[in-house]
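K.L.:
got a predicted structure plus its sequence, pasted below:
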2 protein chains.
Amino acid sequence: MTAKSGASRAAPRRRRTAEEAREEILAAAERTLREIGPDALRLQDLAADLGISHPAVLHHFGTREELVTAVVERAVRRLENTLLDAFRSAGDGAPDGNAMLERVFDMLGRDGHARLIAWLFLTGRDAIDVKTARVGWRAIIDAVHARRTDGASREDTQFTVVLSALATFGQAVAGGPMLDMAGFAGDHDAPARFARWFATLLASHLGQPTAAETSVRGGRKRSRSRARGAT
Amino acid sequence: MTAKSGASRAAPRRRRTAEEAREEILAAAERTLREIGPDALRLQDLAADLGISHPAVLHHFGTREELVTAVVERAVRRLENTLLDAFRSAGDGAPDGNAMLERVFDMLGRDGHARLIAWLFLTGRDAIDVKTARVGWRAIIDAVHARRTDGASREDTQFTVVLSALATFGQAVAGGPMLDMAGFAGDHDAPARFARWFATLLASHLGQPTAAETSVRGGRKRSRSRARGAT
DNA sequence: ACTATAACTGACAAGATTGTAAATAGCGGC
DNA sequence: GCCGCTATTTACAATCTTGTCAGTTATAGT
């Protein structure tokens, strides 16, 4: 029977270029993958979301597993680029570690990048190009270390950066519940305050003049409200 | 045909008490759940691991989902208990935050608790009794805050504890790769050093006399040496 | 021993999910 | 306007996975 035998209008089969189709599929797949994880991704659901049939997905990616791999690689690449940009723009201009950190916090949390990365770690997919990542980390560590005024060891700087990464990561994945349990239930502003508190702690440890007051004043969204007189 | 028609001896069907069976199943399920996640848990694989048939599992838990729930609840309960013990024993005796923190680091990492918790967060199971957890957190925060000598705000203490939790969590889930990328590839001792470094940082921030030197002295062997330094 | 209970098994049902094959139909090129 | 390419679809196959059911058999209680 012809496609439009029924009542309403069966949208007349849109035809994308291979590239467009791949991109749309990748985007949708990444979204669901972030939300429910790689194991729970179903070709049919994904196809339904896009309004196409599931063999169309297979046509472009061959296999479910290849699709997941493609999604992961794309996401990791994009994350690396975004991070690099953040560090370049925040690092070159002023020695403002706080703004940098807040940006990273923001980005990982908002786009759910951290969730994705967490899933990669948990499912054991080593799609992260460790070699490339190491170069990026080295650049960051060098930059931070060069700015230190206290004569701390390089390992101290390394650990500081690692701590930042871990805290950022953890905050993005489990920050909500953790703050909740710590007594900030319902405090919508707590994550932002925590981020600033942490940035200040880091700055202090790195020997920078408690940079919080001097650097953080640009109107980021409108998340954080009261400037807290520490102590 | 009778069960032992074949050649070798089909082990003559062991019969456990319901409790034993439940326990064995729960233990095995928790292991695989930690390793591959809740979505990837297959009843048949699980049963095969235990040398039983998969309906036996269903007999004891009714449903796959109920099994997963039971595993999760058990694990969370045990985690809470272990944490509470750690805090009690480390907290009552001496004001030594370092030993406490190291214990937590150790435990979460060694038993893979953190992986499990991470999976809970990611898969969105709110099996964690938030109410109970909040009580535990409050106790911890109060204990830490009471010991502070600097007159820092309570929120500062809250954030400090949250940071500890996040870092611990992150370290357990992604610590290996992170340290690797940060330049510690192959350095088997790095995680332990990082833990000590972080503990020292925390102690310093909390105003305690940099307790690292006084408390941590055990000769740490390899990666997972349980260096519970004395008090 | 004997019996009752329930832990356990094998076989099967029902449904979901990935992947295949052939047919259909947009769209660019001529 | 016609044609070829291929994105897309429908129909189907094959496999896997949970769950059911009736029957078996350890084990405890008597």
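P.N.:
Okay, I see it. Residues are numbered from 1 along each chain as shown, chains lettered A, B, ... in the order given.

K.L.:
OK, contacts around A:Glu30?
P.N.:
A:Val71, A:Arg74, A:Ala75, A:Leu116 (Cβ atoms under 8 Å, 6 or more residues apart in numbering or on different chains). Backbone N, C-alpha and C define where each C-beta goes, glycine included.

K.L.:
which residues of chain A fall in helices?
P.N.:
For chain A, applying DSSP state H gives helices covering A:18-36, A:43-50, A:54-61, A:64-92, A:97-110, A:113-123, A:130-146, A:154-179, A:190-205, A:212-215.

K.L.:
now those helices in CSV, with mean pLDDT and distance to DNA strand C?
P.N.:
Output for the helices of chain A, formatted as CSV (pLDDT from 0 to 100; distance: least, Cβ to the nearest atom of the strand, whole Å):
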stretch, mean pLDDT, distance to DNA strand C
helix A:18-36, 96, 11
helix A:43-50, 98, 3
helix A:54-61, 98, 4
helix A:64-92, 83, 3
helix A:97-110, 72, 28
helix A:113-123, 88, 15
helix A:130-146, 84, 27
helix A:154-179, 91, 24
helix A:190-205, 90, 34
helix A:212-215, 43, 48
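
K.L.:
follow-up on the earlier one: for ChimeraX, what selects the buried ones among the contacts of A:Glu30?
P.N.:
Selection of buried members from the contacts of A:Glu30 for ChimeraX, criterion 16 or more other Cβ atoms under 10 Å in any protein chain shown:
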select /A:71,74,75,116
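
K.L.:
give me the neighbour count for A:Gly55.
P.N.:
That one is not Gly; residue A:55 is Pro. A:Pro55 has 10 neighbours, counted by other Cβ atoms under 10 Å in any protein chain shown.

K.L.:
measure it to A:Gly62 for me?
P.N.:
Distance, A:Pro55 to A:Gly62, using Cβ to Cβ, to the nearest Å: 11 Å.

K.L.:
how about A:His54?
P.N.:
Taking Cβ to Cβ, one finds A:His54 at 13 Å from A:Gly62.

K.L.:
more crowded one of these two?
P.N.:
Comparing A:His54 with A:Gly62 by other Cβ under 10 Å, the one with more neighbours is A:His54, at 16 against 11.

K.L.:
report whether stretch A:76-92 contacts chain B.
P.N.:
No: figure legend: stretch A:76-92 not in contact with chain B (Cβ under 8 Å from any Cβ of the partner chain); closest approach 11.2 Å.

K.L.:
what does A:Arg13 show for phi and psi?
P.N.:
phi 40, psi 90 (degrees, to the nearest 10).

K.L.:
and the pLDDT at the nearest residue to A:Thr123 once chain neighbours are set aside?
P.N.:
Leaving aside its sequence neighbours, A:Thr123 sits nearest to A:Pro38 (Cβ to Cβ, 6 or more residues apart in numbering or on different chains; 5.7 Å). Note on A:Pro38: pLDDT of 95.

K.L.:
and A:Pro38, its phi and psi?
P.N.:
The phi/psi pair for A:Pro38 (degrees, to the nearest 10) is phi -70, psi -40.

K.L.:
now do A:Ile52
P.N.:
With angles defined as degrees, to the nearest 10, A:Ile52 sits at phi -130, psi 180.

K.L.:
report the contact partners of it.
P.N.:
A:Ile52 touches nothing, counting by Cβ under 8 Å, 6+ apart.

K.L.:
closest to B:Phe198 out of the helices of chain A?
P.N.:
helix A:154-179 (6.3 Å; Cβ to Cβ).

K.L.:
the closest one and chain B in contact?
P.N.:
Yes: judged by Cβ under 8 Å from any Cβ, helix A:154-179 comes into contact with chain B at A:155-156, A:158-159, A:161-163, A:165-167, A:169-171, A:173-175, A:177-179.

K.L.:
so how far is that helix off the chain centroid?
P.N.:
Chain-centre distance of helix A:154-179: 13 Å, with Cα atoms, centre = their mean, to the nearest Å.

K.L.:
now do the buried residues in it.
P.N.:
Within helix A:154-179, the residues that count as buried by 16+ other Cβ under 10 Å are A:156-179.

K.L.:
which residues touch the residue nearest to A:Glu24 when sequence neighbours are not counted?
P.N.:
Distances taken as Cβ to Cβ, 6+ apart place A:Leu50 nearest to A:Glu24, at 6.1 Å, with adjacent residues excluded. A:Leu50 makes contact with A:Glu24, A:Ile25, A:Ala28, according to Cβ under 8 Å, 6+ apart.
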